[in-house]
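Colleague: please find the sequence and the predicted model below.
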Amino acid sequence: MRPHRSVLTLVVATLITAPAAAQEPIRVASPDGRNEARIHSRDGRIHYSVERDGNPVIAPSLLGFEFRGAPPLRDSLRITGVTQASRDETWTQPWGEVRQVRDHHNEIRVGVAETTAAGRRFDIVFRAFDDGIGFRYEVPEQPALHFFEIQNELTEFALADDARAWWIPSNRPRLDRSEMLYSASPMSLLDSVQTPLTMRTARGTFVVLHEAHLVDYARMNLAGQRHMEDRTLRAALAPLADGVKVRGKAPFNTPWRTIQLADREADLVPSVLGLNLNPPNVLGDVSWVKPMKYVGIWWGMHIGTMSWGSGPRHGATTANARRYIDFAADNGIDGVLVEGWNTGWDGDWIANSHLFSFTQSHPNYDLNEVAAYARQRGVRLIMHNETSGGITNYEDQMEDAYRLYQSLGIDAIKSGYVADGYQGHSHWSQFRVRHNLKAIQTAARYRIALNVHEPVHDTGERRTYPNMMTREGARGQEYNAWGGEGGNPPEHESILFFTRLLAGPMDFTPGIFDITLASADGGPRSPQESRVRTTLAKQLALYVVLYSPMQMAADLIENYVNQPAFQFIRDVAVDWEQTRVLDARMGDHVVVARQERGGEDWFIGAITDEEGRTIDVPLSFLPAGRSYVAEIYADEADSHWMTNPLPISISRRTVNADTRLTIRMAPGGGQAIRLTPAR
Ligand code: NOJ
Ligand code: CA
């Protein structure tokens, strides 16, 4: 059902070695000719720039490095040679938001060397795709860089105009790191921000800065100048405890710096630039990596009716787990997550990261019995590994833990890193990046897939390691359970779609039906208190809008009983053949259609912000001449996220490729549709 080998349709690679004193500027254009990167060398420094349709997007921007204990690699540089290559190849994702991905690009490799005695050398490789530009530094083996400490990567992104940016900060010391609400402002006012950083230029072009293939390096944030006259963002690498950003030795490659480009926000998705810049699958047959829907002993901890640790509310009891397994089995939900199953939660678990055991279960929880029961009922148990940042403690137990899980038939882990760094290293430092790879590779050896919370941002690891399935790395549903104004505003998900989700799948955990949190302590909450700022139909739409190959039905299972709307969660796919954004505006609304992989159904998810909207959607993506039954989960006429969030209308009609659907959404609402071929 799920092909796991790449299909190579066409590869064209040519190599042209240009004379050493190459013509300047050196250029590389995308196959459609619209995106062009240029490399300039002037006064011993190397800059690059990017144009789209001949209009500047990135003005000349510096390249280079500063080292600790060695002169910078920035001055006295000259270009020594240029080679070109092209590729056109289509590969298949073992699972994903689209099945086939086309990697079609032109490449230039620019050799650079110092003219000074040290004579250090590196290459800068640019790839131009129709959906953007990627570039990286490749440093060959050489005595002068045998061992090095990068103090700063000098890469700049000088925006050609004061584009509007949607951003979250990167310099706030908090436990949750990427879990802020987005702000929008002119990019010139940015201080220090995370990527993906999505911007819209005055001309209307969308520009997204991010990185791809982050391995044994530090995560890149971007630092601005907060000055209208200076529109340059600079790479700001996350530091190790001693302030060094990256320790390494040549040969080495930096991650790719990516500049995704699109004419409209709808064209930003699916975002595959970063996937194309990652190496292909190294795990071979990954048919054991299976997308899933899951329920879990989880939301109760966040709304206060359950606890992770010991006590009268301890959620992870054997009996509770059996109840969740039964619910999953009876409702066609693939998996069950159990948090609080292990020892280490009692006391201040954030401070006591060294106390977590990843093999020892709480006395209330019989791991063997639960695992056996899950196997018996055909349900996949997801092991929870909260590390609270205790990376050494986790790594020390990793082999034993993963071996144990595999022996119990468990093939998925949700891990967590609730911490503000570790032993002085930034949460996103090279130290943590190395740990990620170790966890991914170790899990792969035990045929376990990962869902990582408080992660390093997604840079496309899933292409090389398809067991790296999904992660958090943004403000998810959990914030709606906590404190009042700390909840997510209705516009949140229609910003996430064009920012965080461009990096890769997100475990947002949709599907809260008890929107006013009536089942929480203290009963229903007013709009000012903590609750979910949504309508019920919007919660369903999020399964289609916010892509994740592991998709949670996040509410307490009792809240799904006798709820006709739950049928959509039973039915919705988690693995896709193709994805089409039908209508979208950053921060306002998203309408996306996805075709189920290995099936014929299509699903449409539409969400809006605090404004009600009516959007006309042609179904021309359906095959001509074929009728479909549309099951429509819509807001009622008087639905409103604040005053009337629960009413939902469920209706059916027959549609085809000529139909224009009118999607009406309440303020804070949405709509979810399943399209099944008519018999
Ligand atoms: C934060 C995660 O995002 C959440 O899902 C989890 O329940 C807690 N950490 C505890 O691990
Ligand atoms: Ca979190």
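Modeller: In hand now; what should we look at? Numbers count the residues shown, from 1 in each chain. Ligands and ions are numbered 1, 2, ... in the order given.

Colleague: going by C-alpha atoms from here, please, whenever you check contacts or count neighbours.
Modeller: Noted.

Colleague: at which residues are the strands of the stretch 551-679 of the chain located?
Modeller: The residue ranges that make up the strands of the stretch 551-679 of the chain, judged by DSSP state E, counting those that start in this stretch, are 576-585, 589-596, 602-608, 613-618, 628-635, 648-655, 660-665, 670-677.

Colleague: identify, out of those, the most deeply packed stretch.
Modeller: Using mean count of other Cα atoms under 10 Å, the stretch among these with the greatest mean number of neighbours is strand 602-608 (a mean of 29).

Colleague: mind listing the strands it pairs with, and their directions?
Modeller: In the sheet containing strand 602-608, the strands it pairs with under DSSP bridges are strand 589-596 (antiparallel), strand 670-677 (antiparallel).

Colleague: what's the distance between residue 246 and residue 134?
Modeller: Noted for residue 246: a distance of 21 Å to residue 134, by Cα to Cα, to the nearest Å.

Colleague: okay, those two: which has more neighbours?
Modeller: Set side by side, residue 246 and residue 134 show unequal neighbour counts under other Cα atoms under 10 Å, the larger going to residue 134 at 27 against 24.

Colleague: helix or strand for that one, which one?
Modeller: strand 132-139 (DSSP states H and E).

Colleague: residue 578 touches residue 101, doesn't it?
Modeller: No - with the criterion set as Cα atoms under 8 Å, residue 578 and residue 101 do not qualify as a contacting pair; they are 10.0 Å apart.

Colleague: what helix or strand does the residue nearest to residue 358 when sequence neighbours are not counted sit in?
Modeller: With Cα to Cα, 6 or more residues apart in numbering as the measure, residue 401 is the residue that lies nearest to residue 358, at 5.8 Å, once sequence neighbours are left out. Using DSSP H and E, residue 401 sits in helix 391-407.

Colleague: in that helix, what's buried?
Modeller: Buried residues in helix 391-407, defined by neighbour count with 16 or more other Cα atoms under 10 Å: 391, 393-395, 398-399, 401-403, 405-406.

Colleague: state the pair within the residues you listed that is farthest apart.
Modeller: Maximum pairwise distance among the buried residues of helix 391-407 (Cα to Cα): 21.1 Å, between 391 and 406.

Colleague: columns pLDDT and distance to ligand 1 on top of the buried residues of helix 391-407, output as CSV?
Modeller: Formatted as CSV, these follow (pLDDT from 0 to 100; distance: Cα to the nearest ligand atom, whole Å):
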residue, pLDDT, distance to ligand 1
391, 97, 14
393, 98, 16
394, 98, 14
395, 98, 17
398, 98, 17
399, 98, 20
401, 98, 17
402, 98, 18
403, 98, 21
405, 98, 18
406, 98, 21
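
Colleague: count the residues that sit near residue 136.
Modeller: Residue 136, neighbours per other Cα under 10 Å, totals 21.

Colleague: if we can go back for a sec, quick one, which of the strands paired with strand 602-608 is nearest to residue 84?
Modeller: Distances from residue 84 to each of the strands paired with strand 602-608 were compared by Cα to Cα, and the smallest falls on strand 589-596, at 36.6 Å.

Colleague: that closest one to strand 613-618, inter-axis angle?
Modeller: Calculated by axes from the mean of the first three to the mean of the last three Cα atoms, to 10 degrees, strand 589-596 forms an angle of 40 degrees with strand 613-618.

Colleague: okay, angle between strand 589-596 and strand 576-585 too, please.
Modeller: Orientation of strand 589-596 against strand 576-585 (the same axes, to 10 degrees) gives an angle of 170 degrees.

Colleague: farthest residue from the center of this protein?
Modeller: Farthest-out residue of the chain from its mean C-alpha position, per Cα atoms, centre = their mean: residue 117, at 44.3 Å.

Colleague: want to throw the strands paired with strand 602-608 into a markdown table with mean pLDDT?
Modeller: Compiled in a markdown table, the strands paired with strand 602-608 are given as follows (pLDDT from 0 to 100):
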| stretch | mean pLDDT |
| --- | --- |
| strand 589-596 | 98 |
| strand 670-677 | 98 |
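
Colleague: save the ones you listed as CSV, and put in distance to residue 89 too.
Modeller: Written out in CSV, the entries for these read as follows (distance: least, Cα to Cα, whole Å):
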stretch, distance to residue 89
strand 589-596, 23
strand 670-677, 32
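
Colleague: how about those, which one is nearest residue 521?
Modeller: strand 670-677 (27.8 Å).

Colleague: run the chain-centre distance for the closest one.
Modeller: Put simply, strand 670-677 sits 25 Å off its chain's centre (Cα atoms, centre = their mean, to the nearest Å).

Colleague: now that strand - C-alpha only, CSV.
Modeller: What follows is strand 670-677, C-alpha atoms only, in CSV (Å, rounded to 0.1, in the frame of the first residue of the first chain):
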residue,chain,number,x,y,z
GLY,A,670,-14.5,26.2,10.3
GLN,A,671,-15.8,23.5,8.1
ALA,A,672,-14.7,19.8,7.6
ILE,A,673,-15.8,17.8,4.5
ARG,A,674,-15.3,14.2,3.5
LEU,A,675,-15.8,13.5,-0.2
THR,A,676,-16.4,9.8,-1.0
PRO,A,677,-17.0,8.5,-4.6
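
Colleague: report the contact partners of the closest residue to ligand 1 within the stretch 301-450 of the chain.
Modeller: Residue nearest to ligand 1 within the stretch 301-450 of the chain (Cα to the nearest ligand atom): residue 386, separated by 4.8 Å. Under the criterion of Cα atoms under 8 Å, 6 or more residues apart in numbering, the contact list for residue 386 reads 356, 414-418.

Colleague: please redo it, this time with the cut-off set to 6 Å
Modeller: Contacts of residue 386 were listed using Cα atoms under 6 Å, 6 or more residues apart in numbering, and they are 415-416.
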